[in-house]
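Asks: Okay, structure incoming, though there's no sequence with it:
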């Protein structure tokens, strides 16, 4: 079947979340007088990453609310018993620094431009609509997508097939006519493939060898390769060498 729509992940696919998170947290810790409290800045950033992965995983598994995982990230990171209001305020101050570092990856706008005429576009994220809707507006790409779906509102998260199928339903298309593009080899790559979509895993850092790559997804290193993978009639990019 011909691919008619592309559904996108947001963080670390369209939006450079990792860089923004690191820059934002570094600036926040400096402002809070905590940059040296963990020995080195790198240790502090590593601790924040660990806390984020732990509690985001709980949220994705349905074990915590979106707001709850934010509060628990702060409590774990600071190793402190904070009230909800205290944790919310600390996180709010961090968000100000984090948002100042928001940016799209350089290959995003060229890829979206190349695919505008031939494909419909949507977003499926494991975040919340409140967060991702605003983020896409600030980044100037909100109007590129006809629908934006997020786990917090759907009640189901990737890699569950139901999350991917919800995006297909919103587009009114069967999974075989939809491609999914995401950065995580299992949550995005394997999840989309097992749900019956054309799964495209963007491995920007080249961290995975062919031997380690999950079965199912097409692997690309840049969105410049995406049009060729989709079969687009365009000269933008080159065909991926990974199958």
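Replies: Here it is on my side, so go on. Everything quoted here is computed from the prediction, not taken from an experiment.

Asks: Could I get the average pLDDT for stretch 38-52?
Replies: Per-region confidence: stretch 38-52 scores 92 on mean pLDDT.

Asks: whoops, I mixed them up, stretch 167-187
Replies: 97.

Asks: And it, what's buried?
Replies: 167-168, 170-171, 173, 175, 177-185, 187 (16 or more other Cβ atoms under 10 Å). Where you see a C-beta, it was placed from the backbone N, CA and C, and this is true even at glycine.

Asks: In strands, which of those residues appear?
Replies: In this view, the buried residues of stretch 167-187 that belong to strands under DSSP state E are 178, 179, 180, 181, 182.

Asks: Which member of the buried residues of stretch 167-187 is positioned nearest residue 47?
Replies: Nearest to residue 47, judged by Cβ to Cβ, of these is residue 184 at 21.5 Å.

Asks: residue contacts, residue 83?
Replies: Residue 83 sits next to no residue when contact means Cβ atoms under 8 Å, 6 or more residues apart in numbering.

Asks: Next, it: phi, psi?
Replies: When read as degrees, to the nearest 10, the backbone of residue 83 gives phi -70, psi 170.

Asks: For burial, what's the neighbour tally of residue 231?
Replies: Other residues near residue 231 number 13, with proximity taken as other Cβ atoms under 10 Å.

Asks: ok, so what distance separates it from residue 158?
Replies: Residue 231 sits 24 Å away from residue 158, going by Cβ to Cβ, to the nearest Å.

Asks: try residue 71
Replies: 23 Å.

Asks: Looking at the two, which one has more neighbours?
Replies: residue 158 (26 against 21).

Asks: Kindly confirm my reading that that one is in a strand.
Replies: No. Residue 158: not assigned to a strand; according to DSSP: H, G, I helix; E, B strand; the rest coil it is coil.

Asks: Go ahead and confirm it touches residue 124.
Replies: Yes. Counting by Cβ atoms under 8 Å, residue 158 does reach residue 124; the two are 7.0 Å apart.

Asks: any common contacting residues for the two?
Replies: Residues touching both residue 158 and residue 124 (Cβ under 8 Å, 6+ apart): 9, 164.

Asks: which stretches of the chain aren't confidently modelled?
Replies: Scanning the chain for pLDDT under 70 picks out 207-215, 232-243.

Asks: Where do the domain boundaries of it fall?
Replies: Here the domain assignment for the chain is 5-16+103-230, 17-100, based on automatic domain parsing.

Asks: Please work out which of these is packed deepest.
Replies: domain 5-16+103-230 (a mean of 19; mean count of other Cβ atoms under 10 Å).

Asks: Need the distance between the two termini of it.
Replies: 10 Å (Cα to Cα, to the nearest Å).

Asks: Need the contact partners of stretch 139-148.
Replies: Residues outside stretch 139-148 that contact it (Cβ under 8 Å, 6+ apart) are 8, 14-15, 102-104, 108-109, 112, 116, 120-123, 125, 129, 132-133, 136, 167, 170-171.
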